[in-house]
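Chemist: following is a predicted model, sequence given first.
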Amino acid sequence: MNYDDIAKLFENLPAADTTSEAASVSREGTLTKPAGSLGRLEDLSAWCAAWQGRHPASLDNVGILVFAGNHGITAQGVSAFPPEVTVQMVANFAAGGAAINQLAAEQGARLDVIPLDLDTPTADFTQAPAMTEAECAAAFTTGYDAVKDDLDALIVGEMGIGNTTTAAALACALFGGAAADWTGPGTGVDAAGVALKARAVTAAMDLHRQEFGDPMRALCCVGGRELAAMAGAVLAARHRRIPVILDGFVTTAAVSVLEKMTPGALDHCVAGHVSGEPGHRRLLDHLGKAPLLDLGMRLGEASGAAVALGILRCALAAHNGMATFDEAAVSGQVSS
């Protein structure tokens with residue numbers, strides 16, 4: 001797809017299936033518990049049914065896509081790790097040695113890792129646009145095409161040294177504020193390192209500000225290949241009516257492009273967790289999404305979303321497996 005093809009994908013996005021959602025809500029009211037007593041688990045059951053377009057919803061086939069990319073901004077010294085770690089971690093994923101390998105296996109999810117031109121980092125966005133429109137569109141298309149039609153739910157994640165600086169720049173471009181509002185320790189830099197990251201983001205804002213009226217241009221100017229791919233994958237999930245569990249700061253910054261292009265474009269997404277990266281909570285507030293978990297995680301790799309998948313599984317297990325008042329011969333609530 002080219003840039004114009006991608007723009008057309010935002011037209012007439014599929015809506016949730018209100019019939020399936022209503023069926024979930026109706027059954028919820030018949031189950032052997034006080035109304036609302038399972039809190040957000042009840043909402044999650046209805047949300048999942050609405051986007052799968054069936055009731056009862058199920059999670060037999062969950063996919064995790066982790067996209068990897070390298071970033072020219074690392075030339076500014078913004079990371080505690082050298083850029084070659086991206087390639088090394090992709091090899092670790094392939095060998096089954098990363099955290100997400102263990103979490104995916106534990107949750108019964110299929111993991112696919114997709115490296116994106118790791119030998120060609122994006123440009124240093126303090127000096128030039130990170131990607132050309134063609135490069136951004138190619139990465140977006142890779143993500144879009146990676147989503148299989150048969151998924152019951154999708155999780156997306158990333159690996160890319162330097163990409164918390166990229167995410168901070170993209171969030172700042174999309175939502176404004178000072179660079180310091182969005183920058184954090186990332187892989188573990190100290191206060192001086194965080195200040196350096198903020199200066200890099202400020203430089204990017206000064207250089208590219210005139211482009212930020214178009215969210216896709218913002219992605220080209222200060223994004224990265226793995227961010228573009230995640231945005232493409234989440235848009236593909238919307239077209240295929242696949243519910244999505246979002247991961248951390250980098251993932252959320254990437255998909256914010258979709259919401260800025262078309263408000264409501266992330267209605268099929270739930271925030272799996274809020275990360276320890278300080279800009280993430282601010283970003284979720286802008287998107288109006290309450291996280292399922294707050295565990296101080298900041299690894300990336302889709303790890304927080306993979307843990308949150310267990311919450312969604314519990315929601316459906318309770319909804320689909322509980323007896324109704326009639327089935328259990330339990331008296332319902334007395335009318336006042």
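Modeler: Yep, that arrived.
Chemist: just the strands in the stretch 151-300 of the chain please.
Modeler: 153-159, 244-246, 269-271 (DSSP state E, counting those that start in this stretch).
Chemist: can I get those strands in JSON lines including mean pLDDT?
Modeler: JSON lines is the format used below for those (pLDDT from 0 to 100):
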{"stretch": "strand 153-159", "mean pLDDT": "98"}
{"stretch": "strand 244-246", "mean pLDDT": "98"}
{"stretch": "strand 269-271", "mean pLDDT": "98"}
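Chemist: and those: which comes nearest residue 194?
Modeler: Residue 194 sits nearest to strand 153-159 of all these, at 20.1 Å, using C-beta to C-beta. Yep, even glycine has a C-beta here, placed from its N, CA and C like the rest.
Chemist: partner strands of that closest one, with direction?
Modeler: The strands that strand 153-159 pairs with in its sheet are strand 62-68 (parallel), strand 244-246 (parallel) (by DSSP bridges).
Chemist: distance between the shortest one and the chain's centre?
Modeler: Right, the one you point to is strand 244-246. Relative to the centre of its chain, strand 244-246 is centred 5 Å away, using C-alpha atoms, centre = their mean, to the nearest Å.
Chemist: swap in the longest one?
Modeler: Remark: strand 62-68 is offset 10 Å from the chain centroid, using C-alpha atoms, centre = their mean.
Chemist: what's the angle from the helix or strand that comes right after it to strand 153-159?
Modeler: Downstream of strand 62-68, the next assigned helix or strand under DSSP states H and E is helix 84-95. Here helix 84-95 runs at an angle of 140 degrees relative to strand 153-159 (axes from the mean of the first three to the mean of the last three C-alpha atoms, to 10 degrees).
Chemist: buried residues of the following helix or strand past helix 84-95, list them for me.
Modeler: Once the chain leaves helix 84-95, the next helix or strand it forms, by DSSP H and E, is helix 99-107. Using 16 or more other C-beta atoms under 10 Å as the test for burial, helix 99-107 gives 99, 100, 101, 103, 104, 107.
Chemist: what about the residue nearest to residue 253 when sequence neighbours are not counted, how many residues close to it?
Modeler: Nearest residue to residue 253, sequence neighbours excluded (C-beta to C-beta, 6 or more residues apart in numbering): residue 167, at 3.8 Å. Neighbour count of residue 167, defined by other C-beta atoms under 10 Å: 34.
Chemist: picking that back up, most packed of the strands of the stretch 151-300 of the chain?
Modeler: Among the strands of the stretch 151-300 of the chain, strand 153-159 has the highest mean neighbour count (mean count of other C-beta atoms under 10 Å), at a mean of 29.
Chemist: JSON lines please, covering the strands of the stretch 151-300 of the chain and showing distance to residue 238.
Modeler: Compiled in JSON lines, those are given as follows (distance: least, C-beta to C-beta, whole Å):
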{"stretch": "strand 153-159", "distance to residue 238": "10"}
{"stretch": "strand 244-246", "distance to residue 238": "8"}
{"stretch": "strand 269-271", "distance to residue 238": "9"}
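Chemist: relative to residue 139, which of those strands is closest?
Modeler: Between the strands of the stretch 151-300 of the chain, strand 153-159 lies closest to residue 139; by C-beta to C-beta that is 11.6 Å.
Chemist: please save the CA atoms from that closest one in CSV.
Modeler: Provided in CSV are the C-alpha atoms of strand 153-159 (Å, rounded to 0.1, in the frame of the first residue of the first chain):
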residue,chain,number,x,y,z
ALA,A,153,-7.9,-11.5,19.9
LEU,A,154,-4.7,-9.7,19.0
ILE,A,155,-1.8,-8.4,21.1
VAL,A,156,0.9,-6.2,19.5
GLY,A,157,4.3,-5.3,21.0
GLU,A,158,7.7,-4.1,20.0
MET,A,159,11.4,-4.3,20.3
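Chemist: state the pLDDT value of residue 185.
Modeler: On pLDDT, residue 185 comes in at 89.
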